[in-house]
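1. build me a model from this:
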Amino acid sequence: EGIGEEWRSQMTYLQCFHITLAWRSPYCGIFELKRDGVTYWFVDNEYYFKRSNIYGHYDDGERFAYFSRAVVESMGWLNWHPDVLHCNDWQTALVPIYLLEERHRIPQLCDTKSVFTIHNIEYQGRYGSQTLKDVFGLNDGYFNEHMLAYHGDVNLMKGAIYAADYVTTVSPTYADELQYSFYAHGLEGVIADNRHKLRGILNGIDTEVYDPWRDKGLTKFFSARQMAGKKNCKAALQQMSGLRENPDAPIIACVSRLVRHKGFDLVTAAIHEIMGMDVQMIVLGTGDWNYEEAFRQAQNQYPGRFAAHMMYSPNLSTAIYGGADLFLMPSISEPCGLSQMIAMRYGTIPVVRETGGLRDSVALQQVHRRGHRLLLCQHQCAGDDRRTERGGEPLPQRAQGVEGPPEERHDRRLLLGKVGQSL
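-> Predicted coordinates for the structure are as follows:
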């Protein structure tokens, strides 16, 4: 519960005060931690945050309203003049709104701008209209003038989009997609009103953390120029996951939340067609019971060739990225996605649907079948800084970061073509 003692022992107490949250005046403590040249401030209130999980509590609206209010009010107490307050998703959506209220009362905020980043617009922070005054401490004007009003409810994300100076999301394509109702989940009109201040900035990964040449979670290190270690990683993955040890069978992998918008209707419908080829498949993740059950049944039907691990496991996910040949990610919508980037970093070819950040980060060979467009990538592995251009023949020889014999390269191209077509 709460922050672990390992981190708490490194923090320094700065001060405490009481903030204003509607009719409440809750305690707020500020602690400081300095690490790698960066100063971090932590808000302390055990009533709101000493919980077993960060999200999913009955009072989440009040908890994150408290946090947002604490962020804004603490600037005055700390006598700090921030240039930008960067807020993420509905949990901190009230920060730009509180900033509108307080920037002329708190001198330290008079020139502060706000940036609001949308990671997934599906989760908007909707609450009943009675929460406006009683929980969030805002007057009726925010509702009557429609900044927060949404079909009779309070919509925190809508308010942040209007209140923030700039709005960003996690990929250029997702920023474009949000103009359409399918992707915007009812906020397409709000996006259209604020299109002038919306930008899509592609997410990324830390290439020092995700580095197959240094990752201690792998059986053996490898890079684009020294790929031999990936064979060892593949053998280790087969051993630890229950797959039959077969160096010639390509491993198709999924590491994901098992939910509909990740495209698992498509995957479960194609399982038998995929397994009709000489491949192995491993799925790691948890989610909706129907997908979990479908993958468990596939494991029973294809012993030694299909592995279903319905759980969260950082160690196994690292082994999958390092040992798999193909990474399947056919999301219906994907604001950005990091798994495809990690897969490419570890020399595992992503097979993705052309949407959101998948389109922006995976480059790309095209396969068409049954109305679905998938991209098969030309990618970078660790230590390879070369780029290839779009087009060319289906899957060039460096698709796996190897310079193998032509016949081997041809076999891999055929396999990828078949996998793409079966989906």
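2. residues contacting the residue nearest to the spatial centre of the chain?
-> Geometric centre of the chain, nearest residue: Gly337, 5.0 Å, by Cα atoms, centre = their mean. When contacts are counted by Cβ atoms under 8 Å, 6 or more residues apart in numbering, Gly337 touches Asn203, Met329, Ser331, Val352, Gly356, Gly357, Leu358, Ser361. C-beta coordinates here come from the backbone N, C-alpha and C atoms, glycine included.
3. phi first, then psi, for the second one.
-> If I follow you right, that is Met329. Per-residue torsions, Met329: phi -150, psi 70 (degrees, to the nearest 10).
4. same check on the first one?
-> Dihedral angles phi and psi of Asn203 (degrees, to the nearest 10) take the values phi -60, psi 170.
5. residues contacting the residue nearest to it when sequence neighbours are not counted?
-> Once flanking residues are discounted, Asn203 sits nearest to Cys336: 4.1 Å by Cβ to Cβ, 6 or more residues apart in numbering. Applying Cβ under 8 Å, 6+ apart to Cys336 gives the contacts His119, Val170, Ser171, Tyr174, Leu202, Asn203, Gly356, Gly357, Asp360, Ser361.
6. repeat that for Gln108.
-> Contact analysis of Gln108 by Cβ under 8 Å, 6+ apart lists Met75, Gly76, Asn79, Trp80, His81, Pro82.
7. ok, back up a step: just put the contacts of Gly337 in CSV and tack on distance to Leu21 and neighbour count.
-> CSV is the format used below for the contacts of Gly337 (distance: Cβ to Cβ, whole Å; neighbours: other Cβ atoms under 10 Å):
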residue, distance to Leu21, neighbour count
Asn203, 32, 17
Met329, 41, 24
Ser331, 38, 23
Val352, 43, 28
Gly356, 36, 29
Gly357, 36, 25
Leu358, 40, 29
Ser361, 40, 26
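8. before we move on, back to that, tell me the one of the contacts of Gln108 nearest Ala249?
-> Among the contacts of Gln108, Pro82 lies closest to Ala249 (Cβ to Cβ), at 54.3 Å.
9. can you tell me how far the residue nearest to that closest one when sequence neighbours are not counted sits from Gly76?
-> Leaving aside its chain neighbours, Pro82 sits nearest to Thr112 (5.2 Å; criterion: Cβ to Cβ, 6+ apart). Distance, Thr112 to Gly76, by Cβ to Cβ, to the nearest Å: 11 Å.
10. ok, those two, which is more surrounded?
-> Taking other Cβ atoms under 10 Å, Thr112 and Gly76 do not tie; Thr112 has more neighbours (19 against 15).
11. okay, and Ser114 sits in which element?
-> Taking DSSP states H and E as the criterion, Ser114 maps to strand 113-118.
12. what's the helix or strand following that strand packed up against?
-> Moving toward the C-terminus from strand 113-118, the next helix or strand (DSSP H and E) is strand 126-128. Contact here means 3 or more Cβ pairs under 8 Å, 6 or more residues apart in numbering; DSSP states H and E; on that basis strand 126-128 packs against strand 153-155.
13. who are the packing partners of the strand it packs on?
-> So strand 153-155, by 3+ Cβ pairs under 8 Å, 6+ apart, packs with strand 126-128.
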